[in-house]
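K.L.:
coords below, sequence missing:
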């Protein structure tokens, strides 16, 4: 009868605790206002069809047309060490998330003890006559459960989930940066190849001019100064080739490291790709950055985690409700240990713990959690501003580089013609050697500038792709 009364009293208490577990000390998370513009600076707001399209949503295998570059990116995504660390961070957070999902379940422990004691005959607790020692054997199961009244366990789960999602987005952010770095390094390598080819052509031209000047010198038409200056120019060009070959080897080593390999030769196409004059990537709406940019999403996940941790810290200030129970077998002799039901015992206890004075630690922890939450919100807002700035800068850079390429391409064409004209005039005695050397140097510089601007356009296009959140698909 007494047992039934006890169960009758405990039942409503348990039901009440389950009801109260829906309470929470913090409100539901809501995304802060980011005040994003309708369009990027200098860009007309796209219509509804264009608004849904963004280059950032295109997989990198479709965005990059060079098959050699795509193979390098594939290798980097698979083997790069930063990517491997990011995957381990995901695995670590996943284990923590799985553990927090068990937070509402009661704790269960199995305990078995055995003891024997002999006391002094002259002590305060002498043994009864005929007894030399006291034995005690016990085996029990201990169960404890804390009611999640103020949302501490639920907010702990939310914090773990946010951290897990943050690691997923962090991994994507690493991949977007990695894809861009590989592409940019690859384009740098193509530029160095192009500069070496241009320099070798210029070296051959310098050799021809030097031979011509030597013939003119033998004929008494030019002085030794002209021959010496052309020889010096030729040696400078030869030195430049060695410098370019050094840069090529170093750039190949950089690409090998990005791909998680030891230094090796990098297979690549022959020329720096030429982009159309009006080529431009669709940027879409700035609001798409909130879903496309992994680093922005990771910053928001960190904010959500801090918000949940504020709830955990707040719950520590309120009373905790727990129920513990223990049941098992206890006997003073091993032979009576399994004598049922006489050796059985049970114990049930409910407890309420309200912190009163903890040297201000709990209150300070709660205030610190609120400050941390505000700090993460500032970080999130800053990430959004940085993302919009990067896209806007990449758009204007891409457009202006296209204008520069048009002008330099025309300039290089004119200067190439001037080299041939200068040589003809020199042979006919209507131009001196300085005009020939100047024409060659100007044409050489224009060719190098054209190749570099084409590389810069490719890099700017890649940077726009990354700024829009492209590369993780």
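P.N.:
Sure, I can see it. These numbers come from a predicted model, not from an experiment.

K.L.:
Tell me where the stretch 151-300 of the chain is predicted with low confidence.
P.N.:
276-281 (pLDDT under 70).

K.L.:
Tell me where it has helices.
P.N.:
152-218, 224-258, 289-292, 294-315 (DSSP state H, counting those that start in this stretch).

K.L.:
burial measure for residue 325, as a count.
P.N.:
16 (other C-beta atoms under 10 Å). Quick note: C-beta positions are derived from backbone N, CA and C, even for glycine.

K.L.:
Give the bridge partners for it, please.
P.N.:
For residue 325, the beta-bridge partners are residue 143, residue 348 (DSSP bridges).

K.L.:
That one and residue 99: what is the separation?
P.N.:
23 Å (C-beta to C-beta, to the nearest Å).

K.L.:
just residue 459 next, same as before
P.N.:
44 Å.

K.L.:
which of these two has more neighbours?
P.N.:
residue 459 (21 against 12).

K.L.:
Assess the claim that that one and residue 185 are in contact.
P.N.:
No - using C-beta atoms under 8 Å, residue 459 makes no contact with residue 185, being 9.9 Å away.

K.L.:
for stretch 166-182, the distance to its chain's centre please.
P.N.:
The chain centroid and the centroid of stretch 166-182 are separated by 4 Å under C-alpha atoms, centre = their mean, to the nearest Å.

K.L.:
What lies in contact with it?
P.N.:
60, 69, 72-73, 76-77, 80, 82-83, 86-87, 89-90, 92-93, 255, 258-259, 293-295, 297-298, 301-302, 305, 462-463, 465-466, 469-472 (C-beta atoms under 8 Å, 6 or more residues apart in numbering).

K.L.:
Recalculate using a threshold of 7 Å.
P.N.:
60, 72-73, 76-77, 80, 82-83, 86-87, 89-90, 93, 255, 258, 294-295, 297-298, 301-302, 305, 462-463, 466, 469-472 (C-beta atoms under 7 Å, 6 or more residues apart in numbering).

K.L.:
can you give me the strands in this protein?
P.N.:
With DSSP state E as the criterion, the chain has strands at 107-117, 134-147, 320-331, 344-353.

K.L.:
now these in JSON lines, with mean pLDDT and distance to residue 439?
P.N.:
Listed next are those as JSON lines, based on pLDDT from 0 to 100; distance: least, C-beta to C-beta, whole Å:
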{"stretch": "strand 107-117", "mean pLDDT": "77", "distance to residue 439": "87"}
{"stretch": "strand 134-147", "mean pLDDT": "76", "distance to residue 439": "87"}
{"stretch": "strand 320-331", "mean pLDDT": "75", "distance to residue 439": "87"}
{"stretch": "strand 344-353", "mean pLDDT": "73", "distance to residue 439": "91"}
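
K.L.:
can you redo the ones you listed as JSON lines with distance to residue 380?
P.N.:
Output for the strands of the chain, formatted as JSON lines (distance: least, C-beta to C-beta, whole Å):
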{"stretch": "strand 107-117", "distance to residue 380": "36"}
{"stretch": "strand 134-147", "distance to residue 380": "33"}
{"stretch": "strand 320-331", "distance to residue 380": "32"}
{"stretch": "strand 344-353", "distance to residue 380": "36"}
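
K.L.:
Tell me the spacing between the residue nearest to residue 409 when sequence neighbours are not counted and residue 410.
P.N.:
The shortest distance from residue 409 to any non-neighbouring residue, by C-beta to C-beta, 6 or more residues apart in numbering, is to residue 450 (5.9 Å). Distance, residue 450 to residue 410, by C-beta to C-beta: 10 Å.

K.L.:
repeat for residue 403
P.N.:
The value you get for residue 403 to residue 410, if C-beta to C-beta is used, is 12 Å.

K.L.:
cool, and residue 423?
P.N.:
Residue 423 is 22 Å from residue 410, by C-beta to C-beta.

K.L.:
which one of these two has more residues nearby?
P.N.:
In this view residue 423 and residue 410 are compared by other C-beta under 10 Å, and residue 423 has more residues nearby, 19 against 12.

K.L.:
Could you measure from that one over to residue 416?
P.N.:
For residue 423 relative to residue 416 (C-beta to C-beta), the value is 12 Å.

K.L.:
do the same with residue 175
P.N.:
Residue 175 is 42 Å from residue 416, by C-beta to C-beta.

K.L.:
which one of these two has more residues nearby?
P.N.:
Higher neighbour count among residue 175 and residue 416: residue 175, with 22 against 14, using other C-beta under 10 Å.

K.L.:
Same question for stretch 205-224: list its buried residues.
P.N.:
205-206, 209-210, 212-214, 216-217, 222 (16 or more other C-beta atoms under 10 Å).

K.L.:
Turn those residues into CSV, including distance to residue 282.
P.N.:
Conversion of these to CSV gives the following (distance: C-beta to C-beta, whole Å):
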residue, distance to residue 282
205, 43
206, 46
209, 49
210, 52
212, 53
213, 55
214, 58
216, 58
217, 61
222, 58
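
K.L.:
now for those residues, which pair is the farthest apart?
P.N.:
205 and 217 (18.4 Å; C-beta to C-beta).

K.L.:
still on that earlier bit, TSV for the helices of the stretch 151-300 of the chain, including distance to residue 38?
P.N.:
As requested, these are exported to TSV (distance: least, C-beta to C-beta, whole Å):
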stretch	distance to residue 38
helix 152-218	25
helix 224-258	37
helix 289-292	13
helix 294-315	18
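
K.L.:
now, of those helices, which is deepest in the fold?
P.N.:
helix 294-315 (a mean of 23; mean count of other C-beta atoms under 10 Å).

K.L.:
what does it rub up against?
P.N.:
24-26, 29, 31, 150-152, 155-156, 158-159, 162-163, 165-166, 169-170, 172-173, 176, 289-290, 365-366, 369-370, 372-373, 376-377, 379-380, 383-384, 387, 469, 472.

K.L.:
re the thing from before, list the residues that are in contact with both of residue 403 and residue 410.
P.N.:
By C-beta under 7 Å, 6+ apart, no residue touches both residue 403 and residue 410.

K.L.:
quick one: residue 209 and residue 230 touch, right?
P.N.:
Yes - Residue 209 lies in contact with residue 230 (C-beta atoms under 7 Å); the separation is 5.9 Å.

K.L.:
Please work out how many residues are found near the closest residue to residue 59 other than its chain neighbours.
P.N.:
Setting aside the residues directly before and after it, residue 59 is nearest to residue 473 in space (C-beta to C-beta, 6+ apart), at 4.4 Å. Neighbour count for residue 473, taken as other C-beta under 10 Å: 17.

K.L.:
If anything else comes up later, I'll come back, but that's it for now.
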